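Colleague: sharing a model that was predicted from the sequence below.
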Amino acid sequence: MSRFMECRVGDCNLAWEQSLTVVERVDKDVSSERGTTTLEGTDFDLDDAVMGPTGRPYREFPEPAPLDSHGPARVIAMVNQKGGVGKTTSTINLAAALAEYGRRVLLVDFDPQGALSAGLGANPHELDLTVYNVLMDRKVDIREAIQQTGVDGVDLLPANIDLSAAEVQLVNEVAREQVLDRALKSIEDDYDVVLIDCQPSLGLLTVNALTAAHGVIIPLICEFFALRAVALLVETIEKVQDRLNPRLQVDGVLATMFDARTLHSREVIARLVEAFGDKVFETVIKRSIKFADATVAAEPITSYAGNHTGADAYRSLARELILRGGAP
Ligand SMILES: Nc1ncnc2c1ncn2[C@@H]1O[C@H](COP(=O)(O)OP(=O)(O)O)[C@@H](O)[C@H]1O
Ligand SMILES: [Mg+2]
């Protein structure tokens with residue numbers, strides 16, 4: 001297990017108000033220790049290193065070895081209680097990239113808005129069975145609700161507006177936080193990774209996702225207002241770790257909608273690295289209109305514009321996640 005997997009969120013120093021010079025400082029630290037060093041998994045000659053956007057030397061992550069068998073799945077919740085930060089986009093595209101590397105992926109749409117389902121071409125009005133039925137009716141077999149998608153190796157447990165009722169209805173259930181966890185148990189051997197696309201809230205549905213998960217990925221838009229939400233999210237994750245799911249780990253913080261030309265974006269990443277250290281994925285997702293275009297086409301960017309830098313970024317994220325032990 002890698003070092004970062006053992007580090008809990010509680011170790012993170014959320015010193016948002018500190019100076020904004022971290023990127024410069026990290027640059028200096030690295031350049032003062034000349035010579036060859038090893039970042040987890042790759043060899044480097046620091047004399048030749050080009051700095052990546054997170055202030056660490058830029059590197060390519062190795063192509064993962066193919067899997068010769070599948071399951072049990074590692075469950076990852078994509079969480080941020082802010083909307084519009086790139087959760088759904090990252091869920092679809094990370095899944096498609098993992099599938100390109102031969103991983104079997106189940107996507108769970110856990111947002112009543114159903115953007116993930118729509119983004120994969122499911123019509124929200126034509127769904128017979130959704131994650132709502134799986135949660136609320138023990139007699140419903142999760143396999144009957146799971147659909148194949150147009151992406152090879154990626155299946156979908158869809159959602160629509162019905163799910164908005166679950167939050168209220170679950171309140172009276174016994175072990176109401178464990179309902180999704182229980183439902184996913186029966187399919188864990190069919191997949192290598194389960195990605196749960198959470199709704200923008202820290203309510204009972206998100207707590208269910210965190211209880212079912214081994215890891216959390218926090219997509220975070222590179223804007224200052226977005227940083228403030230993270231402290232509350234970290235608090236929620238710690239509560240779930242303490243009370244419901246001690247195995248839960250933060251797999252990483254993913255900077256999205258990064259614009260290298262703006263000082264603003266670079267400063268936000270500097271703050272993120274200051275607070276989360278190595279937990280910040282070295283892979284950063286740049287802002288591009290191609291993501292919206294791909295959504296309109298109801299496809300992941302990896303197939304809609306396979307050669308685009310956005311597609312490569314999510315492939316890099318998949319390789320980085322696998323290298324870190326966040327996915328098989
Ligand atoms: N890297 C990006 N660059 C530009 N636009 C993006 C990017 N990622 C997502 N978007 C767009 O931003 C909007 C919100 O993204 P979405 O993934 O739906 O966020 P969330 O699920 O957190 O609400 C969508 O219109 C999406 O197409
Ligand atoms: Mg979403």
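Modeller: Structure received. Numbers count the residues shown, from 1 in each chain. Ligands and ions are numbered 1, 2, ... in the order given.
Colleague: worst-scoring helix or strand of the protein, pLDDT-wise?
Modeller: helix 22-32 (a mean of 32; mean pLDDT, DSSP states H and E).
Colleague: how much space between residue 272 and residue 75?
Modeller: 24 Å (C-beta to C-beta, to the nearest Å). No exception for glycine: its C-beta is placed from N, CA and C like everyone else's.
Colleague: can you show me the strands along the stretch 51-200 of the chain?
Modeller: Remark: strands assigned in the stretch 51-200 of the chain by DSSP state E, counting those that start in this stretch are 74-78, 105-110, 147-148, 154-157, 193-198.
Colleague: adjacent strands (with direction) for the third one?
Modeller: So that's strand 147-148. strand 154-157 (antiparallel) (DSSP bridges).
Colleague: tell me which parts of this protein are close to ligand 2?
Modeller: Selection of the chain residues close to ligand 2 by C-beta under 5 Å from the ion yields 87-88, 115.
Colleague: go back to these and keep what's next to ligand 1.
Modeller: Restricting those to those within reach of ligand 1 (C-beta under 6 Å from any ligand atom) leaves 87-88, 115.
Colleague: secondary structure element for the residue nearest to the spatial centre of the chain?
Modeller: Centrality entry for the chain: nearest residue to the mean C-alpha point is residue 217, 3.6 Å, by C-alpha atoms, centre = their mean. Element membership of residue 217, judged by DSSP states H and E, is strand 215-221.
Colleague: show me where pLDDT drops low in the protein?
Modeller: 1-48 (pLDDT under 70).
Colleague: would you mind getting the angle between the longest helix seen in it and strand 74-78?
Modeller: In the chain, with assignment by DSSP state H, the single longest helix is helix 224-243. The directions of helix 224-243 and strand 74-78 differ by 140 degrees, with axes from the mean of the first three to the mean of the last three C-alpha atoms, to 10 degrees as the criterion.
Colleague: so the following helix or strand past helix 224-243, near ligand 1 or not?
Modeller: For helix 224-243, the following helix or strand on the C-terminal side (DSSP H and E) is strand 249-256. Yes - using C-beta under 6 Å from any ligand atom, we find that strand 249-256 touches ligand 1 at residue 256.
Colleague: dump strand 249-256 to PDB, restricted to CA.
Modeller: C-alpha atoms of strand 249-256 as PDB (Å, rounded to 0.1, in the frame of the first residue of the first chain):
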ATOM      1  CA  GLN A 249      -9.400   7.000   2.400                       C
ATOM      2  CA  VAL A 250      -9.000  10.100   0.400                       C
ATOM      3  CA  ASP A 251      -7.600   8.900  -2.900                       C
ATOM      4  CA  GLY A 252      -6.900  12.400  -4.200                       C
ATOM      5  CA  VAL A 253      -8.000  15.900  -4.900                       C
ATOM      6  CA  LEU A 254      -8.400  16.500  -8.600                       C
ATOM      7  CA  ALA A 255      -7.900  20.100  -9.900                       C
ATOM      8  CA  THR A 256     -10.400  20.700 -12.700                       C
END
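Colleague: would you turn the strands of the stretch 51-200 of the chain into JSON lines with mean neighbour count and distance to residue 308?
Modeller: Listed next are the strands of the stretch 51-200 of the chain as JSON lines, based on neighbours: other C-beta atoms under 10 Å; distance: least, C-beta to C-beta, whole Å:
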{"stretch": "strand 74-78", "mean neighbour count": "26", "distance to residue 308": "21"}
{"stretch": "strand 105-110", "mean neighbour count": "28", "distance to residue 308": "21"}
{"stretch": "strand 147-148", "mean neighbour count": "14", "distance to residue 308": "25"}
{"stretch": "strand 154-157", "mean neighbour count": "24", "distance to residue 308": "19"}
{"stretch": "strand 193-198", "mean neighbour count": "28", "distance to residue 308": "21"}
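Colleague: make CSV from these and add distance to residue 277 to it.
Modeller: Formatted as CSV, these follow (distance: least, C-beta to C-beta, whole Å):
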stretch, distance to residue 277
strand 74-78, 20
strand 105-110, 28
strand 147-148, 39
strand 154-157, 31
strand 193-198, 24
